[in-house]
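1. Sequence first, then the predicted structure, then my questions.
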Amino acid sequence: MVPAELFHDAFQSSPIGIALENLEGEPLFVNSALCSMLGLSEEEMRSKHCVDFSPPEDAQKDQALFAKLRAGLIDHYTLDKRFLRRDGSVIWGRLRISLLNDRAAPLVVAMVEDITDKRRAQETLELASNQTGVAVARCSRDYRYIWANERCAEFLQRPLEEIVGHTVSEVLGRDNFEMLRGYFERVLSGRDATYEQEVNYPGVGHRWVSGSYSPTFDDEGAVNGWVATVIDITEKKRAELVLRESEERFRLVANSAPAMIWMAGTDKLCDYFNLGWLNFTGRPLEAELGNGWAEGVHAEDLEQCFETYSTAFDRRESFEMEYRLRRYDGEYRWILDRGVPRFDADGSFAGYIGSCIDTTERRQAQIALSGLSQRLLEAQEQERSRIGRELHDDINQRLGLVAVHLDIVKSNLFQAPEVVEQLTELSKQLEELGTDVQALSHRLHSSKLEYLGLQAAAASLCKELSARPKVKVEFQAEGVPRQLPREISLCLFRVLQESLQNAIKHSGASEFSVLLAGGTEEIQLTVHDSGIGFDWDDAMTHGGIGLLTMQERLKVVNGTLSVESSRRGKGTTIRASVPLEFRARAVAAGE
């Protein structure tokens, strides 16, 4: 096969479109790849000028380049341009033009590579990169920008024409180029490079950026440049600085606070303890983080502690709880822990913050005060019992004996009717006095409470008061245990006495209701009247001794007192509740 035939076969079998043209731009020969690319036959192509394959808006630029070639100003050039196909569609091709001057009649060799898919992919990349707000650019191996998106131009505050085609050193400045050279060398070795760096950009100033470089490769797998993505994180860095300074101020304040302070994240795990907490426990911060702090909680309090914390956390609610925490010297101390949820500026949940104080001395003082109150009340009850017994066993008996003697004297004075009448009146008054003394004796010391229990004693008291003129007390009892601790029975009986006496004396009502209700966990006393009511604060300020006495009695048995009343004529309701297991609670609380 002769060389000309070899050339012809290679010419026709090439996947790249090839044309031989004269200096006028008229195709002399075209291969099948170029014909297929443009959708024209060889005869059709040879009848056209090379500029005819360009869209009208590109023709003038193409003619200018070809004129330079014809004039000998250039002997080759390469550009990416659009080509117009027979059906009117447009494709992108990479055109390489070379002038062959070693002949009597110079020829122009035009080679066209279809890069439509690559160009569309690049356009898609450009569109996507512009929409993301990230500065994206491509650089060649010789550190020259070959493409950049609009965000890159905005970031560098210069038009794309001053970026594309220029070197990194020209665009970013020599100092920045040297500072970033290590990242460039890394990416040109085929490895990704990422960084966060403060850069002083020409015409822009100091900006914090997050950069990422990824290598690009040619068809043979060699690194031919890189793609750079840059995100301006200046505001983020400033916010982090402000936050860091704020956290430092918080830690300074927290560490000087007289309370133990902790913080937890959204995962319920503690991520901060102040110096006060660490000094109290004597443990390092690393040991307390997460759930490590729970190692110091008393085993008897741990389950309730976690339950209170988790329930409040799930509901995003504040909480308050007391538990025993081991101090650095091994002693367990009572801690009052208050926690509140934290929220970010956008309202999203950020975790919890809490403060703790040592309440051991306060609890001991309360226990001592409660013990003193209990002893005073016991002494008062003993004195009540002594006076009640003396009234019943001595004074009342002596009053009865005087009444008997009066009857004897009266029977011997039939001759003096006026004297008999006076003695009869004295006997009547003496009998009433004995009745009052006996009632007073019962109020001071109820033998029914002692021998028959709370329900019987309460029913008897209501019946006794109902015997008074214009007084009606309705009593109901539900589920009252037959056996109650003496302290509970005596406490509720005294509260009932005080409530009814106050209601009868001050409410202006004539009908009253009493409900004594028991359950598995507590017993509750309710006293209601439909009278004029009263102001709680005013009563406590001006002579509310009865209410104070009821409160103190209930504290001894861990009970509570609630009063619903007003001066609007809606009456008054007094409720006293006492836990049936108050002894067990007192023991668990260290009392």
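-> Alright, I've got the coordinates.

2. any low-confidence regions in this protein?
-> Segments of the chain classed as low confidence (criterion: pLDDT under 70) are 1-10, 102-104, 121-132, 219, 365-447, 536-546, 566-569, 582-591.

3. Find the centremost residue of it, please.
-> By C-alpha atoms, centre = their mean, the chain has its centre lying nearest to Phe349, at 2.8 Å.

4. so who does it touch?
-> Contacts for Phe349 were tallied using C-beta atoms under 8 Å, 6 or more residues apart in numbering; they are Thr266, Arg316, Pro341, Arg342, Phe343. Where you see a C-beta, it was placed from the backbone N, CA and C, and this is true even at glycine.

5. thought the fourth one was touching Ser348?
-> No: proximity of Arg342 to Ser348 does not meet the contact threshold set by C-beta atoms under 8 Å, at 10.0 Å.

6. The two: which has the busier surroundings?
-> Using other C-beta atoms under 10 Å, the more surrounded residue of Arg342 and Ser348 is Arg342, with 15 against 8.

7. Quick one: residues contacting that one.
-> Contacts for Arg342 (C-beta under 8 Å, 6+ apart) come out as Met263, Phe349, Ala350, Gly351, Tyr352, Ile353.

8. Enumerate every residue touching the closest residue to Asp87 other than its chain neighbours.
-> Spatially, and ignoring its direct neighbours in sequence, Asp87 is nearest to Gly39 (6.0 Å; C-beta to C-beta, 6 or more residues apart in numbering). Contact partners of Gly39, counting by C-beta under 8 Å, 6+ apart, are Arg85, Arg86, Asp87.

9. Buried residues in stretch 294-303, which are they?
-> Going by neighbour count (16 or more other C-beta atoms under 10 Å), the buried part of stretch 294-303 is Gly296, Val297, Asp301.

10. Pull the residues that contact that stretch.
-> Stretch 294-303 is contacted by residues Thr281, Arg283, Ala287, Cys305, Phe306, Tyr323, Arg324, Leu325, Arg326, Tyr332, Ala588 when judged by C-beta under 8 Å, 6+ apart.

11. Now do the end-to-end distance for it.
-> Using C-alpha to C-alpha, to the nearest Å, the end-to-end distance of stretch 294-303 comes to 10 Å.

12. Could you tell me how far that stretch lies from the centre of the chain?
-> With C-alpha atoms, centre = their mean, to the nearest Å as the basis, stretch 294-303 stands 24 Å off its chain's centre.

13. What of stretch 574-583?
-> Worked out by C-alpha atoms, centre = their mean, stretch 574-583 lies 36 Å from the chain centre.

14. before we move on, what about stretch 464-471?
-> Stretch 464-471 sits 60 Å away from the centroid of its parent chain (C-alpha atoms, centre = their mean).

15. What is the neighbour count of Ala153?
-> If we define neighbours as other C-beta under 10 Å, then Ala153 has 18 of them.

16. nearest spatial neighbour of it, skipping sequence neighbours?
-> Nearest non-adjacent residue to Ala153 (C-beta to C-beta, 6+ apart): Leu160, at 4.9 Å.

17. hmm, back to that, the contacts of stretch 294-303, buried ones only, as a PyMOL selection?
-> Buried residues within those, by 16+ other C-beta under 10 Å, are selected in PyMOL with:
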select buried, resi 281+283+305+323+324+325+326+332
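
18. Show me the two of the contacts of stretch 294-303 that sit farthest apart.
-> Pairwise distances across the contacts of stretch 294-303 (C-beta to C-beta) peak at 27.7 Å, for the pair Ala287 and Ala588.

19. which stretches of the stretch 401-550 of the chain form strands?
-> 472-478, 511-518, 522-529 (DSSP state E, counting those that start in this stretch).

20. Which among these is found nearest to Pro27?
-> strand 522-529 (106.5 Å).

21. what does the closest one contact?
-> Residues contacting strand 522-529 (C-beta under 8 Å, 6+ apart): 480-481, 484, 488, 492, 495-496, 499-500, 503, 507, 509, 511-518, 571-580.

22. Recalculate using a threshold of 7 Å.
-> The contact list for strand 522-529 (C-beta atoms under 7 Å, 6 or more residues apart in numbering) reads 480, 488, 492, 495-496, 499-500, 503, 507, 509, 512-517, 571-580.

23. From those residues, keep the buried residues only.
-> The buried subset of the contacts of strand 522-529 (16+ other C-beta under 10 Å) comprises 480, 488, 492, 495-496, 499-500, 503, 507, 509, 512-514, 516, 571-580.

24. Among those, which lie within helices?
-> Counting by DSSP state H, the part of these found in helices is Ile488, Leu492, Val495, Leu496, Ser499, Leu500, Ala503.
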